[in-house]
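1. below are the sequence and a predicted model; questions follow.
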Amino acid sequence: MNKFLFRHIDNSSLVVFRIFFGALIFLESVGAIFTGWLRRTLIEPQFTFNFIGFDWLQPLPGKWMYVYYIVMGLMGIFVMLGYKYKISMLSFTLLWSATYFMQKSSYNNHYYFLMILSAIMVILPAHKYASIDAKNDSNIKSISMPNWCRWVFIIQLFILYTYASIAKLYPDWLDLSVPELLMKAKENYALIGNVLQYKFMHYLVAYGGILFDGLIIPLLLWKRTRKIAFFASIFFHLFNSVVFQVGIFPYLSLAFAVFFFEPRIIQKLFLKQKPIYDGNKIDVPNYASTFKGIFILYFIVQIALPLRHHFITDDVLWTEEGHRMSWRMMLRSKRGNTSFKVVDKATNKVTKVRLREYLTGKQMRSVSAKPDFMWQFAQRLKDIYAEKGIDIEVYVSSYIRVNGKPSKQLIDPEVDLANEEWNHFKHHDWILPSNQDENN
C-alpha cells in the first residue's frame, strides 16, 4: 500500500486543476451575488432553514453577506494564483462550509461536493508549481506529488457517480415518469424547450444518465476509451449546464479530466515550460500509518453515508430521511398542499398560519413538501409565540404528490410537531407511511 500511495508521479494535473478550481470557486462566489441567489437565499428571508443542529449558524445581518461572498471570491483568486495557498484554501473551505450548513432551502448535492472537495484541496500540495508561493519560496517548488493526490479524486468521483447511477434504478425513473416531469418544467426554454418534450429526449436523460454515471470513471481510466469518454463528458455536462443550470458543477466535472490523461498531454496543453517528472521515488512519511487510517476511514464514511436510508423505515423518496449527502441527484418531483395551525395551550384558541408572512416562495415550497422543514418551521413558530409569552402546539395538514402520482397524507395531523424531538438516524413516526390508501 505504501508503494501505491506514496510513489511520486508528475504533478501537472494537480497544478492545472488548482488553477481551474480557483477560477471556478471565484465564479461561484461572485455569481451568487450577481444572479441574485445570495439576496434571495440568505439576505431577504426572515430566517434560514439551517441543517438541524446548526441553529447557531446564521447569515450575517444586513448587507454583510455580500462582503462574506466577496471574501470567498477573493480566496478563489488567491487559490488560482497559488498565493498563500494553504490559508486561502482553508479560509474558503470554512466560509463555504458555513454557508452550506446555514441554509438548505437551496440544497444541492453539488454544494456538498464542493465542500468536501475544498477540504481535500487544503491538504494537497497544489501550490508547488506555477504559483506565487513557489516563486516566493523556491524551497517548496516541486514537479512531483504522491500518487494518492491523484487517486483521492478518482475514488471520490467513482463513489459519487456510482451512487448517482444506482439511485436512478427505480420504477419512476425507468418508466420515464421523472424525466418527463423534469423536461416538462423546461418547456418554456427558448430554442430547446420543445425538443426536450420529445420521447427520445426522455430516454436519453433516463438511460443515458444511468449509463454515463455508471461507466464514465472506468472508461476514463482505460486508455482505449478515454478520448471517447471525455467527449461524452463534454456533451453530458454541457447539456446539464444548459438544461438544469447547476452552476459550476459541470465545468468542475470536466476539470477533473486532467487526472485521467497522461502528464505529458497536460503539460503540453497547459504548462509548456514545466519539466516532466520521470522518476519513481517512493517517499513514505513518518505519519504514513496515521494517514492511511484517515484515508481509509474517510472513504468508508463516503461509502456508508449514502446507504443510511436503507436502515430507516419507509422510502426515502417519501420521507426524505437520509436523502441529503447521498448523491441522489434530480431523482424526484414533489408537490405539496400543506397548512399549519397553532393552538394556544392556555385558551385553546386556534390560529391558521399564513405562510407568506414568514417564508419566501422557495421556502414555502420546501415547507410544503419536506418533513424536516415542517418540523423546523413548527419550532420556529413555537419560538415566535414564546417571545410573546404564549405556549403553543403546532399541527400540520399535508398532502404530497411524488412524481405526479395521486396525493397522500404525509404528516399525522394529530401530532404536535412543536413538541416533537428530531433524530438524525431514526424514522419519525409522525411521518405517515408511503403505502397508505391513496387520496385523489
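-> Structure's in. What do you need?

2. excluding sequence neighbours, find me the nearest residue to residue 292.
-> residue 1 (6.4 Å; Cβ to Cβ, 6 or more residues apart in numbering). Backbone N, C-alpha and C define where each C-beta goes, glycine included.

3. now residue 229
-> Using Cβ to Cβ, 6+ apart, the closest residue to residue 229 is residue 219 (3.7 Å).

4. give me the neighbour count for the one you found.
-> When neighbours are defined as other Cβ atoms under 10 Å, residue 219 has 19 of them.

5. just the element for it, please.
-> For residue 219, the host element (DSSP states H and E) is helix 199-221.

6. which elements pack onto that helix?
-> helix 148-167, helix 177-184, helix 226-244 (3 or more Cβ pairs under 8 Å, 6 or more residues apart in numbering; DSSP states H and E).

7. between the last one and helix 199-221, how many degrees?
-> This points to helix 226-244. Here the directions of helix 226-244 and helix 199-221 differ by 140 degrees (axes from the mean of the first three to the mean of the last three Cα atoms, to 10 degrees).

8. got it, and the second one?
-> Using the same axes, to 10 degrees, the inter-axis angle of helix 177-184 relative to helix 199-221 is 110 degrees.

9. tell me how far helix 177-184 lies from the chain's centre.
-> 21 Å (Cα atoms, centre = their mean, to the nearest Å).

10. before we move on, back to that, for the residue nearest to residue 229, give its distance to residue 393.
-> According to Cβ to Cβ, to the nearest Å, residue 219 and residue 393 sit 56 Å apart.

11. likewise residue 333?
-> Distance, residue 333 to residue 393, using Cβ to Cβ: 32 Å.

12. repeat for residue 7
-> To residue 393, residue 7 is 63 Å away according to Cβ to Cβ.

13. can you check residue 379 too?
-> Residue 379 sits 12 Å away from residue 393, going by Cβ to Cβ.

14. between these two, which contacts overlap?
-> Common contact partners of residue 379 and residue 393 (Cβ atoms under 8 Å, 6 or more residues apart in numbering): residue 418.

15. tell me where this structure has strands.
-> 8-10, 144-146, 334-344, 350-352, 392-402, 408-409 (DSSP state E).

16. how about the nearest residue to residue 353, chain neighbours excluded?
-> Spatial nearest neighbour of residue 353, excluding adjacent residues (Cβ to Cβ, 6+ apart): residue 340 at 3.9 Å.

17. against residue 352, how distant is residue 221?
-> Taking Cβ to Cβ, one finds residue 221 at 58 Å from residue 352.

18. which one's more surrounded, those two?
-> More crowded of residue 221 and residue 352, by other Cβ under 10 Å: residue 221, with 14 against 9.

19. wait, that one sits on residue 155?
-> No: taking Cβ atoms under 8 Å as the definition, residue 221 is not a contact partner of residue 155, at 11.3 Å.

20. who's in contact with the residue lying closest to residue 148 once chain neighbours are set aside?
-> In space, and not counting its chain neighbours, residue 148 is closest to residue 5: 4.4 Å by Cβ to Cβ, 6+ apart. If a contact means Cβ under 8 Å, 6+ apart, then residue 5 has 146-148, 151, 288, 291-292, 295 as its contacts.

21. what sits against residue 72?
-> Residue 72 touches 25, 29, 92, 95-96, counting by Cβ under 8 Å, 6+ apart.

22. name the surrounding residues that touch stretch 372-392.
-> Taking Cβ under 8 Å, 6+ apart as the rule, stretch 372-392 contacts 47, 49, 52, 320, 338, 340, 342-346, 353, 358-359, 363, 366-367, 394, 396, 398, 411, 417-420, 422, 428.
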